[in-house]
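J.: following is a predicted model, sequence given first.
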Amino acid sequence: MPDPKTDLLSLPPDEFEAALGDHFAARNQPAYRIEQVRKWVFDECVSNVGEMTNLPVAEREALSAAFSFVKPIADTVSRSKDGTVKHLWKLADGELVESVLIPTTDRLTLCISSQAGCAMGCTFCATGWAGFQRQLTSGEIVAQYRASRRWALEHDYGRISNIVYMGMGEPLSNRRALHSSLTILNEGYGVGARRITVSTVGVVPGILELAGRKEQFRLAVSLHAPESELRSQLIPLENRHPLEELMDALVRFDRAGGRRITFEYTMIRGINDAPRLASGLADLASSVDAFVNLIPFNPIPYQDWKASRGERIEEFRSVLEARGISVAVRVPRGRDIDAACGQLRATRVDANAAKGCKNASGPLDDPDMREGLGASANSGEDPTEANLT
Ligand code: SF4
């Protein structure tokens with residue numbers, strides 16, 4: 001049964017202050033109570049009202065009665081030899097979602113999920129194979145950040161500097177919760193817009209909507225093939241929003257100014273690494289001044305593909321560099337803990353059920369779901385260094 005209380009974590013700062021203003025006014029409490037709660041939630045990241053120790057006990061009880069906190073439970077915490085940490089979070093209804101902390105020398109990046117499962121069915125992705133369960137609320141997206149931030153500070157990982165929406169799910173298919181969570185993370189928790197990257201397989205209406213925001217959130221596009229026919233074999237959404245339409249949208253996103261586009265190109269041996277494809281990739285990247293990440297394929301269950309050989313990846317890099325494209329070869333992180341998107345969760349669901357989901361048409365046939373208009377919310381650095389897809 002849905003919780004009748006208002007979820008505090010799902011509220012952008014202006015709505016947060018309005019809701020608390022009404023609450024405290026009705027209880028004849030001074031206005032500074034709002035600021036007290038704001039600090040506990042956004043600055044201290046407390047996980048429940050009981051921790052708000054400068055509030056009188058009666059006010060804590062009244063707050064608990066009126067508001068809820070999404071509090072994911074860490075089902076599994078896996079730490080890689082390379083420092084990467086994956087959390088598998090159990091939500092209130094038992095759904096499992098993943099987030100990953102990726103430390104590097106100069107930053108700590110958090111990769112978060114936007115949906116439980118995913119309807120897109122990309123053939124190279126463990127989440128795609130397992131099917132779609134439901135949309136996450138903005139509070140459930142933000143809760144991954146809050147819980148990861150606490151964990152990182154308690155375990156000497158430092159502060160999270162960057163956030164990438166590259167975990168489970170297609171964020172632009174959950175736009176209501178995505179936009180709300182972007183505002184909350186940016187304005188509430190102070191994560192700079194240029195330090196937040198939204199990753200998509202090409203949901204064109206969502207890209208245009210993101211281009212219309214005043215903040216300069218960054219965009220990563222899972223390209224994976226520079227030709228439509230090949231791309232449609234990897235990303236079924238290509239049949240709905242073909243490359244030509246996607247590139248038109250990216251040109252408009254680029255013209256919005258100040259926002260870098262990154263192309264993600266997972267290199268799969270014998271599938272999308274033919275030498276001629278490198279120049280096609282260069283053509284597309286140069287048209288929108290995109291940064292290109294070449295990512296050796298991370299093997300997944302249900303699929304026997306292999307990563308491209310190192311020399312082929314270098315060949316791609318050379319072609320791109322010769323064309324003046326900024327390019328990086330991504331070093332896979334957390335392989336010893338199944339850190340690629342959806343892998344850990346995939347090991348926790350019944351394999352047969354997962355295959356059944358994948359083969360069912362389900363949400364993929366729902367155009368509202370694909371475009372992110374469905375029951376959302378239940379009713380100068382490489383910005384994407386952390387991509388694990
Ligand atoms: S790659 Fe992204 S959009 Fe495609 S199935 Fe995986 S999570 Fe979904």
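T.: Yep, it's here. Numbers count the residues shown, from 1 in each chain.
J.: can you pull the contacts of the spatially closest residue to residue 191 that is not a sequence neighbour?
T.: Using CB to CB, 6 or more residues apart in numbering and skipping residues adjacent in sequence, the residue nearest residue 191 is residue 185, 4.8 Å away. For glycine as for every other residue, the C-beta is placed from the backbone atoms N, C-alpha and C. By CB atoms under 8 Å, 6 or more residues apart in numbering, the contact set of residue 185 is 142, 145, 163, 191, 196.
J.: before we move on, what about residue 335?
T.: Taking CB under 8 Å, 6+ apart, we find residue 335 in contact with 80, 298.
J.: got a pLDDT number for it?
T.: Here the pLDDT value assigned to residue 335 is 72.
J.: likewise for residue 259?
T.: The model reports residue 259 with a pLDDT of 82.
J.: wait, it touches residue 217, no?
T.: Yes. Here residue 259 lies in contact with residue 217, judged by CB atoms under 8 Å, at a distance of 7.0 Å.
J.: what's the helix or strand for residue 150?
T.: Secondary structure assignment for residue 150, by DSSP states H and E: helix 138-154.
J.: just checking: what are the partner strands of the following helix or strand past that helix?
T.: Counting by DSSP H and E, the next helix or strand C-terminal to helix 138-154 is strand 162-165. For strand 162-165, the paired strands and their directions (DSSP bridges) read strand 108-111 (parallel), strand 196-200 (parallel).
J.: quick one: closest of those to residue 168.
T.: Residue 168 lies closest to strand 108-111 among those, at 9.7 Å (CB to CB).
J.: does the ligand sit close to that closest one?
T.: No. Using CB under 6 Å from any ligand atom, strand 108-111 never reaches the ligand; the gap is at least 11.2 Å.
J.: list the buried residues for that strand?
T.: 108-111 (16 or more other CB atoms under 10 Å).
J.: pLDDT averaged over that strand - what is it?
T.: Rounded mean pLDDT across strand 108-111 is 97.
J.: elements contacting the helix or strand following it?
T.: Where DSSP H and E defines the elements, the next helix or strand beyond strand 108-111 is strand 115-117. For strand 115-117, the packing partners by 3 or more CB pairs under 8 Å, 6 or more residues apart in numbering; DSSP states H and E come out as strand 132-135.
J.: quick one: strands adjacent to the strand it packs on?
T.: Paired neighbours of strand 132-135 in the sheet (DSSP bridges): strand 115-117 (antiparallel).
J.: who's in contact with the partner strand?
T.: With contacts defined as CB under 8 Å, 6+ apart, strand 115-117 is touched by 91, 95-97, 127, 130-136, 168-171, 173-174, 357.
J.: how does it look with 7 Å?
T.: For strand 115-117, contacts defined as CB atoms under 7 Å, 6 or more residues apart in numbering pick out 95, 97, 127, 130-136, 168-170, 173-174.
J.: ok, what's across the strand from the residue nearest the centre of the chain?
T.: With distances taken as CA atoms, centre = their mean, residue 165 lies nearest the centre of the chain, 1.8 Å away. Per DSSP bridges, the residues bridged to residue 165 are residue 198.
J.: please apply the same query to residue 111.
T.: residue 100, residue 164.
J.: so how far is residue 300 from it?
T.: Shown here: residue 111 relative to residue 300, a distance of 16 Å by CB to CB, to the nearest Å.
J.: could you do residue 85 as well?
T.: Separation of residue 85 from residue 300 (CB to CB): 20 Å.
J.: pLDDT score assigned to the closest residue to residue 243 other than its chain neighbours?
T.: Distances taken as CB to CB, 6+ apart put residue 228 closest to residue 243, at 4.7 Å, once the chain neighbours are dropped. Looking at residue 228, its pLDDT stands at 98.
J.: show me what contacts residue 228?
T.: For residue 228, the contacting residues are 238, 242-243, by CB under 7 Å, 6+ apart.
J.: if we can go back for a sec, what residues are up against the residue nearest to the centre of the chain?
T.: Counting by CB under 7 Å, 6+ apart, residue 165 makes contact with 112, 114, 171, 197-199.
J.: wait, which of those residues is closest to the ligand?
T.: Closest approach between those and the ligand, by CB to the nearest ligand atom: residue 199, at 7.3 Å.
J.: got the residues of the stretch 151-300 of the chain near the ligand?
T.: Counting by CB under 6 Å from any ligand atom, the residues of the stretch 151-300 of the chain that sit close to the ligand are 168-170, 201, 222.
J.: among these, which are in strands?
T.: residue 222 (DSSP state E).
J.: columns neighbour count and pLDDT on top of the residues of the stretch 151-300 of the chain next to the ligand, output as TSV?
T.: Conversion of those to TSV gives the following (neighbours: other CB atoms under 10 Å; pLDDT from 0 to 100):
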residue	neighbour count	pLDDT
168	29	94
169	31	96
170	28	97
201	27	97
222	26	97
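J.: for the residues of the stretch 151-300 of the chain next to the ligand, which one is nearest residue 11?
T.: residue 169 (21.5 Å).
J.: would you map the helices across the stretch 151-300 of the chain?
T.: 175-183, 204-211, 228-234, 243-255, 275-287 (DSSP state H, counting those that start in this stretch).
J.: ranking those by burial, who's on top?
T.: Most buried of those by mean neighbour count (mean count of other CB atoms under 10 Å) is helix 175-183; its value is a mean of 24.
J.: average model confidence for that helix?
T.: For helix 175-183, mean pLDDT is 98.
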